[in-house]
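Chemist: sharing a model that was predicted from the sequence below.
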Amino acid sequence: MLLAAGLEPLEDYKGSKVRIKCIHKACGNVCYPMLEKVKLGQIGCKSCRYKTVSAKLRLNETDAKKLMKDAGYLPLEPYTNALTKWKCKHIPCGTVVYPLLNQIQQGSGGCFSCGHMATGLKRRNSNTTVLEVLSANQFTLIGKYHGAEKKIRVRCEVCGNEIEAIFSVISRKNGRGCKPCAVNESRIRYRMDLNEVRSRLKASNMKLLGEYKNSNTPVACKCLKCGVVRNIRISVLLKGSGCRPCALTKAGKKRRTSEFIALETMREIGKVEPLEPYQNQNARWKSRCLTCGSIVYPRLGSITGRKGLGCEGCANKLRGIGKRVPQAKAFALFLRNDLIPLSDQNYVDAESRIDCIHACGKKVNTSYRLVRANMSKKLGSCKPCGAIKGANTQRFDISVIDKVYKSRGLTLVDRNYRGVQYKHQTLCNACGHVWESTPSHVSLGTGCPNCAKGGVKPNLPGYIYLITHSELNAHKVGIANSAKYKLADRLYHHGKQGWVLVKRWDFTESRNIRTIEKQVFKILRKEMDIPPYLAKDDMPFGGWTETLSADSISVTNLSKLIELEIAAAISS
């Protein structure tokens, strides 16, 4: 019988009222029908049964649209079924709504706004009822009535005030709804006579000095204990407050901490040692921090109330340790910004500097806070990369540089233009001298060194010299062109000042001697950290920046250093 109904059993039969696992051949779904229901003609597959029933009960689209139009709705999309929301336009109000056809068939409405309005109109009080209720409560209607829960403008016939009141409040049994009348009634009901006020003030050790009007108007009173005269409300005094200065003094004595407990608290919790007698918990107490030794001025109340340290510096350190970002999180942020921390770097806090290698291969010294700030500003963390990026956006076109060089009588030989701060091979149009110059210097007026009036001429013979001065205890390294006359010779003038020549290295051309001198002083100043020794006044003919202390390096070692740099320049 199951097979005849299109059901293939998957387990043994147990009884007509016991569900049996089957496969519905029509749809392929697994279902659990009862044989008794199948005998009665019921479809064993639940989903197929629902589809069949819904297909039988489903209205056609023409009848569905007719029902909606009769109910006052104009369909705006095709009909699906009675239980699916149907986009329609409510003809009376023009609102687009989504009713169910099933609700319309049952007599319900599909437009919420119209439904609420209709319900409100059914429940609304008539104008006659409103006027009768207001008259019964001694009110006259001035404005328009819009609803029981909305304010209306009325005039109170008792006090004559015009007020805004809610009709539902006026129509309730308790009260009338007029606030001025209610306030006056309560004043009359609870007002005390003058004798009662004086007797109750005397019980509170207070004496009335001013004229009593009511309990909420301040009046001058004198405390019989401390003699303080203050303007105060009687209602406040009678609540038990009494004289405020006396109350504060009493509370202070009651809650005052003994000096022994105060000292122990400062030492154990505040970690400070007091240096002066205890006054009170709100007074600053001169103390010494037991951790860092600083002199601090904490309050006992701030230490006991917040359970904090008395030293602000130590407290800030502990607070920083508690909020510190873990090293793993900080290094993960570095990696996301293409920064690889070096293996020997330890993260301390957000301000600590970490040496990293950027993706470009440059070494960068940065911190966690700096990287976060650069991320928020959408900036990079590598200065060289940022400089290159900025230079690429601001770089002049080579045609502009050519015009600058031409105005100086020069020609830019190196056409691979990299920037104004980089050296480029340059040709002097006047003398034919070729050297390396930077466009920034040329734009500021620097020209051909061979054509310049002063300085070392690259095309002429020159020399590097090493001189010493026994009285000044100083050495000097310098360069100059070979001179035909004594007055033009630099060494002649230094000799007049007491300088003695140690050694001189001559060159047929002076092209490389400036480079050799720069390299020598780079080693002396940066690597050996030897500063200039003499002052400007000690060298009348110049060259004080090229002096060294005789105690910092010997003449022999200085001479060997110059010879090594000369050999390196010649070999290159």
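Modeler: It's in. Numbers count the residues shown, from 1 in each chain.
Chemist: where along the stretch 351-500 of the chain do the helices fall?
Modeler: With DSSP state H, counting those that start in this stretch, the ranges of helices along the stretch 351-500 of the chain come out as 368-376, 383-394, 398-407, 439-443, 490-496.
Chemist: would a markdown table of those with mean pLDDT, mean neighbour count and distance to residue 126 be doable?
Modeler: From N, CA and C alone the C-beta is placed, and that goes for glycine too. Shown next, in a markdown table, are the helices of the stretch 351-500 of the chain (pLDDT from 0 to 100; neighbours: other C-beta atoms under 10 Å; distance: least, C-beta to C-beta, whole Å):
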| stretch | mean pLDDT | mean neighbour count | distance to residue 126 |
| --- | --- | --- | --- |
| helix 368-376 | 87 | 16 | 66 |
| helix 383-394 | 75 | 12 | 79 |
| helix 398-407 | 88 | 14 | 90 |
| helix 439-443 | 85 | 17 | 94 |
| helix 490-496 | 86 | 16 | 119 |
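Chemist: make JSON lines out of these and add distance to residue 301.
Modeler: Written out in JSON lines, the entries for those read as follows (distance: least, C-beta to C-beta, whole Å):
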{"stretch": "helix 368-376", "distance to residue 301": "34"}
{"stretch": "helix 383-394", "distance to residue 301": "49"}
{"stretch": "helix 398-407", "distance to residue 301": "71"}
{"stretch": "helix 439-443", "distance to residue 301": "64"}
{"stretch": "helix 490-496", "distance to residue 301": "75"}
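Chemist: leaving out sequence neighbours, find the closest residue to residue 415.
Modeler: The shortest distance from residue 415 to any non-neighbouring residue, by C-beta to C-beta, 6 or more residues apart in numbering, is to residue 398 (7.1 Å).
Chemist: now that neighbour: how far from residue 413?
Modeler: Look at residue 398 and residue 413: by C-beta to C-beta, to the nearest Å, they are 12 Å apart.
Chemist: where does the chain have low pLDDT?
Modeler: Filtered on pLDDT under 70, the chain yields the residue ranges 173-176, 240-241, 305-307, 320-322, 454.
Chemist: where exactly do the helices run in the stretch 201-350 of the chain?
Modeler: In the stretch 201-350 of the chain, the segments counted as helices under DSSP H, counting those that start in this stretch are 234-236, 244-255, 259-268, 300-306, 312-322, 327-336.
Chemist: let me have the ones you listed in JSON lines, extended by distance to residue 386 and mean neighbour count.
Modeler: Conversion of those to JSON lines gives the following (distance: least, C-beta to C-beta, whole Å; neighbours: other C-beta atoms under 10 Å):
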{"stretch": "helix 234-236", "distance to residue 386": "67", "mean neighbour count": "17"}
{"stretch": "helix 244-255", "distance to residue 386": "61", "mean neighbour count": "11"}
{"stretch": "helix 259-268", "distance to residue 386": "52", "mean neighbour count": "14"}
{"stretch": "helix 300-306", "distance to residue 386": "44", "mean neighbour count": "16"}
{"stretch": "helix 312-322", "distance to residue 386": "29", "mean neighbour count": "13"}
{"stretch": "helix 327-336", "distance to residue 386": "16", "mean neighbour count": "14"}
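Chemist: need those helices in JSON lines (columns: distance to residue 41).
Modeler: Compiled in JSON lines, the helices of the stretch 201-350 of the chain are given as follows (distance: least, C-beta to C-beta, whole Å):
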{"stretch": "helix 234-236", "distance to residue 41": "86"}
{"stretch": "helix 244-255", "distance to residue 41": "90"}
{"stretch": "helix 259-268", "distance to residue 41": "90"}
{"stretch": "helix 300-306", "distance to residue 41": "82"}
{"stretch": "helix 312-322", "distance to residue 41": "76"}
{"stretch": "helix 327-336", "distance to residue 41": "69"}
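Chemist: so what touches the helix or strand harbouring residue 115?
Modeler: In this structure, residue 115 sits in helix 112-123 according to DSSP states H and E. Applying C-beta atoms under 8 Å, 6 or more residues apart in numbering, the set of residues contacting helix 112-123 from outside is 90, 92-93, 95, 97, 109, 147.
Chemist: ok, now stretch 189-200?
Modeler: Taking contacts as C-beta under 8 Å, 6+ apart, the residues outside stretch 189-200 that touch it are 208, 212, 214-215, 234, 238.
Chemist: quickly check the residues you listed for the two that are furthest apart.
Modeler: Using C-beta to C-beta, the pair of the contacts of stretch 189-200 lying farthest apart is 208 and 214, separated by 13.3 Å.
Chemist: the two: which is more packed in?
Modeler: For residue 208 versus residue 214, the count of surrounding residues by other C-beta atoms under 10 Å is larger for residue 208: 17 against 13.
Chemist: OK, contacts around that one?
Modeler: For residue 208, the set of contacting residues under the criterion of C-beta under 8 Å, 6+ apart consists of 197-198, 201, 219-221.
Chemist: list the contacts for residue 486?
Modeler: Contacts were defined as C-beta under 8 Å, 6+ apart; by that measure residue 486 touches residue 492.
Chemist: now swap in residue 33 and tell me
Modeler: Shown in contact with residue 33 (C-beta under 8 Å, 6+ apart): 2, 5, 7, 19-20, 22, 42, 44-45.
Chemist: coming back round to it: let me have the contacts of stretch 189-200 in a markdown table, extended by distance to residue 418.
Modeler: Written out in a markdown table, the entries for these read as follows (distance: C-beta to C-beta, whole Å):
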| residue | distance to residue 418 |
| --- | --- |
| 208 | 95 |
| 212 | 94 |
| 214 | 90 |
| 215 | 90 |
| 234 | 90 |
| 238 | 90 |
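Chemist: closest to residue 325 among the residues you listed?
Modeler: Sorting those by how near they are to residue 325, with C-beta to C-beta, puts residue 238 at the top with 58.5 Å.
Chemist: which stretches in the stretch 151-300 of the chain count as strands?
Modeler: If DSSP state E, counting those that start in this stretch is used as the criterion, the strands of the stretch 151-300 of the chain fall at 151-156, 162-166, 206-208, 219-223, 229-232, 272-274, 287-289, 295-296.
Chemist: mind listing what's buried along the fourth one?
Modeler: I take that to be strand 219-223. Judged by neighbour count (16 or more other C-beta atoms under 10 Å), strand 219-223 contains these buried residues: 219, 221-223.
Chemist: which of the residues you listed sits closest to residue 565?
Modeler: Nearest to residue 565, judged by C-beta to C-beta, of the buried residues of strand 219-223 is residue 223 at 94.6 Å.
Chemist: surely the closest one touches residue 249?
Modeler: No: look at residue 223 against residue 249 with C-beta atoms under 8 Å: they stay out of range, at 11.0 Å.
Chemist: endpoint to endpoint, stretch 339-349 covers what distance?
Modeler: Taking C-alpha to C-alpha, to the nearest Å, the span from the opening residue of stretch 339-349 to its closing residue is 17 Å.
Chemist: mind listing what's buried in it?
Modeler: Buried, per 16+ other C-beta under 10 Å, within stretch 339-349: 339, 341, 345, 347.
Chemist: what's the neighbour count on residue 465?
Modeler: Burial measure for residue 465: 20 neighbouring residues, criterion other C-beta under 10 Å.
Chemist: quick one: contacts for the closest residue to it other than its chain neighbours?
Modeler: Spatial nearest neighbour of residue 465, chain neighbours left out: residue 504 (4.9 Å); criterion: C-beta to C-beta, 6+ apart. With contact taken as C-beta under 8 Å, 6+ apart, residue 504 is in contact with 463-466, 491.
Chemist: let me know the closest of these to residue 291.
Modeler: Set against residue 291, the nearest of the contacts of residue 504 by C-beta to C-beta is residue 466 (57.1 Å).
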